[in-house]
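> what follows is a predicted structure for the sequence shown.
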Amino acid sequence: MAPVRGDGMRGLAVFISDIRNCKSKEAEVKRINKELANIRSKFKGDKTLDGYQKKKYVCKLLFIFLLGHDIDFGHMEAVNLLSSNKYSEKQIGYLFISVLVNTNSDLIRLIIQSIKNDLQSRNPVHVNLALQCIANIGSRDMAESFSNEIPKLLVSGDTMDVVKQSAALCLLRLFRSSPDIIPGGEWTSRIIHLLNDQHMGVVTAATSLIDALVKRNPEEYKGCVNLAVSRLSRIVTASYTDLQDYTYYFVPAPWLSVKLLRLLQNYNPVTEEPGVRARLNETLETILNKAQEPPKSKKVQHSNAKNAVLFEAINLIIHSDSEPNLLVRACNQLGQFLSNRETNLRYLALESMCHLATSEFSHEEVKKHQEVVILSMKMEKDVSVRQMAVDLLYAMCDRGNAEEIVQEMLNYLETADYSIREEMVLKVAILAEKYATDYTWYVDVILNLIRIAGDYVSEEVWYRVIQIVINREEVQGYAAKTVFEALQAPACHENMVKVGGYILGEFGNLIAGDSRSAPLVQFKLLHSKYHLCSPMTRALLLSTYIKFINLFPEIRTNIQEVFRQHSNLRSADAELQQRASEYLQLSIVASTDVLATVLEEMPSFPERESSIKKKNVPENEIRESKSPAPNAVNSNANADLLGLSTPPAGVNNTGGSGTLIDVLGDIYGNNNAATYNTKKFLFKNNGVLFENEMLQIGVKSEFRQNLGRLGLFYGNKTQIPLTNFMPVLQWSAEEALKLNVQMKPVDPTLEAGAQIQQLLTAECIEDYADAPTIEVNFRYNNVPQKFSIKLPLTLNKFFEPTEMNGESFFARWKNLGGEQQRAQKVFKAQQPLDLPGARNKLMGFGMQLLENVDPNPDNMVCAGIIHTQTQQVGCLLRLEPNKQAQMFRLTIRASKETVTREVCDLLSDQF
């Protein structure tokens, strides 16, 4: 083992070596406790410790804390080290305070005076240590205590450059927690003029500060534009030898260039002054020209730095959207990157071209790269690049290329990743309707969508195709013929049955003249799908059958037999039972004229905006969430494909353009009071998980076998940013061995009215109890907020429904009769007995609801298999209602005892 150096502190080096050499956790704890006792006795002893000894012991305490052990003494000794004139002692004191002192601690007041003394020191090293400590703590107390000293240090002519750098970054840290710390008036001009400073380090730090100030108050700091353009021009036109100290692999000051380009993107237009605009355009042209030059180095750092400046310049060109020449040049440059072997470059090129496709100046230029983009969608190995290629195809689509792009997207949809199918389906549906010149083509596209990816076709999509067919007489016969042919496929998605039932019920007579689609053939074809469908679809088919009686009186007898069937007239589903009995009576009692009146063809729907287009996917949609400028309307606010957003406080959302429109319409209701009911997610995967007056958290999830993926959507409902935003997963290491949950980080700032997405993946390794929790921490108006919320990751999410007949079910039920294989609970109904509601809940629970299995039609039985990495656990369920006593008896039988108990606990008291 390499020897440990402790800056001359031999005792510290020996202690660290001892800890490293410990063979077990117990040995480490024993050695640490021994050392803590020794340090405590030294601090409390009669002998006065010199600075070296204090530094050594404080260092040991800091090391012990970093190992994960609590430290409850030594703070005063660290504060005393601040008054030392030795750098090493002062440094350790500041380090200890930065790491261990809580922002609400009483010690803050004690160290403030020591920090003030160091800020007035002539030694720049001491001043920098103090500034770093202020920034590390970053509390409001710190901001209020040093609101005068730090701005003076920043703009003073006597301050050394290295101190100005630290002062600018320290002020930026305090500004984020206390925006009122920055003085206005004459200070504004003095801060802006730091962009003219001769020291590049000062300019770099000041640019970060000014960028934050501009986002909050763009008008007050508008004077920075001229200086930023001037400085950027000097950097871009300089040779790498002119800025030798700030050149990175032959690229002059790349970090500062990127910061300046981002700073200019806060204004649109960037400037009204012709001279400044001409200089900026010249600078941007120079950046594009340099991108065409041969590389000065083969190292990846050179290309990374060069491309970072180039992409930020292109972002500024797109943001301005006023220079056709620059937009076309930018598009051509990005087109070259589409064939680059670097995956990241291809992704960034596609992302930027999504923006360019929305500009009238560059749209045609983007379309020239259509074939390459289609190849990217099909051939890319990285799913994120394929997804971005889909976004670009959507953005570049117009009437001229719509049919080709839609067809390519349909072809790819058959093999597309599950993670992007739903979004692709919605985009194809929007494009087909938006650019349809021939509605027979539109009908073909939607039916193909249902055939290829029926699970991902939302109700809005098939509702819309029915509206269009009913409103356009010229397409009705074609739609009936096409849907009839589609229903003949052996495996037919339920959404296809819904569309087929509706269209044939209205327009089946238009194809009845052909013997291949005679009335009886149509009826038998639809009814062959009946037993495979959900109750909602069966109800629709019953309506189709009664319409058939009006259209085709010759098959009345066949249809009446269906209405009379025991499974319909005595169905446990109240809706099916009512429809079957009423339709049967209508067909018997009503005369031909009455039937014709009651069951006449549906009238045309009123022409209105498509509900799909209300779920508009913006053509400049970008996959990564970027924070909008405060007090500005987020142009992508309606880009909520999952429909989980709500309006922020004070925004009137009666129109269709309000920020964060709630198009999900959660079935459990929505109000401004805090709502949180994780139990409802036992029976659904999507909806609003938590909501109060500040924050809404929506969830959309999907599960396949033992794998699951959740998208959490955090929506800021207020008019100010939520800072220090940090969701933290609360799930013990022991539980993680059973359910492994991975959570991607999110941006620490959630801007006003904005929404950000966080992705979680879950892998069920073996069965588990309870569910993980996330703790959401943030600051609202600088007041800490914290919520703990259970994730909808209960064991039932990993169920696979299993079909069984009555004989198989009861044979399996009998086999699982052991004491440890069954669990039973009897409980009172939470409300008047609602059997259809109970059935709907069981269907959403993940198991297969088995029809006509239990001799008692009121009883409900289900079967399913829980998938884990280690095994598959079969599970059976029986729910027996007692209408007189208003009670339920729930029985669970499974091949594993822990699964039996957990499923029983989840479902008890839910009906």
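Perfect, thanks for sending it. If you're wondering where the values come from, they're calculated on a predicted model, not measured in any experiment.

> please count neighbours and contacts with C-alpha atoms only from this point.
Noted.

> surely Ala752 is in contact with Lys717?
Yes - here Ala752 reaches Lys717: they are 7.0 Å apart, a contact under Cα atoms under 8 Å.

> looking at the two, which is more packed in?
Lys717 (29 against 23; other Cα atoms under 10 Å).

> do you know how far that one is from Leu256?
34 Å (Cα to Cα, to the nearest Å).

> again with Val461
The value you get for Val461 to Leu256, if Cα to Cα is used, is 48 Å.

> check Leu288 too.
Taking Cα to Cα as the measure, Leu288 falls 17 Å from Leu256.

> again, but for Leu36
47 Å.

> more crowded one of those two?
Taking other Cα under 10 Å, Leu36 and Leu256 do not tie; Leu256 has more neighbours (22 against 18).

> list the contacts for the more buried one?
Leu256 makes contact with 203-204, 207, according to Cα atoms under 8 Å, 6 or more residues apart in numbering.

> try 7 Å
Contact analysis of Leu256 by Cα atoms under 7 Å, 6 or more residues apart in numbering lists Thr204.

> what's the helix or strand for Arg709?
strand 707-716 (DSSP states H and E).

> check the offset of that strand from the chain's centre.
Mean C-alpha position of strand 707-716 versus that of the full chain (Cα atoms, centre = their mean, to the nearest Å) differs by 5 Å.

> just checking, what packs against it?
Here strand 707-716 touches strand 695-704, strand 755-764, going by 3 or more Cα pairs under 7 Å, 6 or more residues apart in numbering; DSSP states H and E.

> mind running it again at 10 Å?
Judged by 3 or more Cα pairs under 10 Å, 6 or more residues apart in numbering; DSSP states H and E, the packing partners of strand 707-716 are strand 686-691, strand 695-704, strand 739-743, strand 755-764.

> residue nearest the centroid of this structure?
Gln757 (2.0 Å; Cα atoms, centre = their mean).

> point out where the stretch 651-800 of the chain drops to low pLDDT.
Applying pLDDT under 70 to the stretch 651-800 of the chain flags residues 651-678.

> kindly recompute the last result at 50.
Applying pLDDT under 50 to the stretch 651-800 of the chain flags residues 651-674.

> hmm, back to that, now do the strand holding Arg709 and strand 695-704, the angle between them.
170 degrees (axes from the mean of the first three to the mean of the last three Cα atoms, to 10 degrees).

> wait, a helix at Ile866?
No - counting by DSSP: H, G, I helix; E, B strand; the rest coil, Ile866 is not part of a helix but strand.

> quick check: chain neighbours aside, which residue is closest to it?
Nearest non-adjacent residue to Ile866, counting by Cα to Cα, 6 or more residues apart in numbering: Phe799, 4.4 Å away.

> now that neighbour: phi and psi?
The phi/psi pair for Phe799 (degrees, to the nearest 10) reads phi -70, psi 140.

> does it touch Val899 like I think?
No - the pair Phe799 / Val899 is not scored as a contact, 11.4 Å apart, by Cα atoms under 10 Å.

> quick one: which helix or strand includes the closest residue to Lys529 other than its chain neighbours?
Once flanking residues are discounted, Lys529 sits nearest to Val497: 7.3 Å by Cα to Cα, 6+ apart. In this structure, Val497 sits in helix 494-507 according to DSSP H and E.

> mind listing the helices for the stretch 451-600 of the chain?
According to DSSP state H, counting those that start in this stretch, the stretch 451-600 of the chain carries its helices in the segments 459-471, 476-487, 494-507, 519-527, 535-551, 556-564, 566-569, 574-589, 592-598.

> tell me the most buried of these?
Across the helices of the stretch 451-600 of the chain, the average number of neighbours (mean count of other Cα atoms under 10 Å) peaks for helix 494-507, which reaches a mean of 24.

> wait, Met200 touches Pro254, no?
No - between Met200 and Pro254 there is no contact under Cα under 10 Å: 11.5 Å.

> which residues are common contacts for these two?
Residues touching both Met200 and Pro254 (Cα atoms under 10 Å, 6 or more residues apart in numbering): Tyr246.

> so between the two, which is more surrounded?
Pro254 (23 against 18).

> how near is the more buried one to Ser303?
Pro254 is 11 Å from Ser303, by Cα to Cα.

> same check, this time on Asp593
The gap separating Asp593 from Ser303 is 80 Å, by Cα to Cα.

> residue contacts, the nearest residue to Thr544 once chain neighbours are set aside?
In space, and not counting its chain neighbours, Thr544 is closest to Gly505: 4.6 Å by Cα to Cα, 6+ apart. Taking Cα under 10 Å, 6+ apart as the criterion, Gly505 is in contact with 480, 499, 522-523, 540-551, 599, 601-602.

> what do you get if the cut-off is 7 Å, keeping everything else the same?
544, 547-548 are the contacts of Gly505 under Cα under 7 Å, 6+ apart.

> closest one of those residues to Gln824?
Thr544 (41.9 Å; Cα to Cα).

> right, and that closest one touches Gly501 too?
Yes - using Cα atoms under 7 Å, Thr544 is in contact with Gly501, at 5.8 Å.

> re the thing from before, which non-adjacent residue is nearest the residue nearest to the centre of the chain?
Gln757's closest residue in space is Phe713 (Cα to Cα, 6+ apart), at 4.6 Å.

> export the helix holding Val497 as CSV, just CAs?
Coordinates of each C-alpha in helix 494-507 appear next as CSV, following Å, rounded to 0.1, in the frame of the first residue of the first chain:
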residue,chain,number,x,y,z
GLU,A,494,-59.1,-4.7,-29.7
ASN,A,495,-58.8,-1.1,-31.0
MET,A,496,-59.3,-2.5,-34.5
VAL,A,497,-62.5,-4.3,-33.3
LYS,A,498,-63.8,-1.0,-31.8
VAL,A,499,-63.2,0.9,-35.1
GLY,A,500,-64.6,-2.0,-37.1
GLY,A,501,-67.7,-2.3,-34.9
TYR,A,502,-68.4,1.4,-35.1
ILE,A,503,-67.8,1.8,-38.9
LEU,A,504,-69.6,-1.4,-39.9
GLY,A,505,-72.6,-0.5,-37.7
GLU,A,506,-72.9,2.8,-39.5
PHE,A,507,-71.8,1.9,-43.1
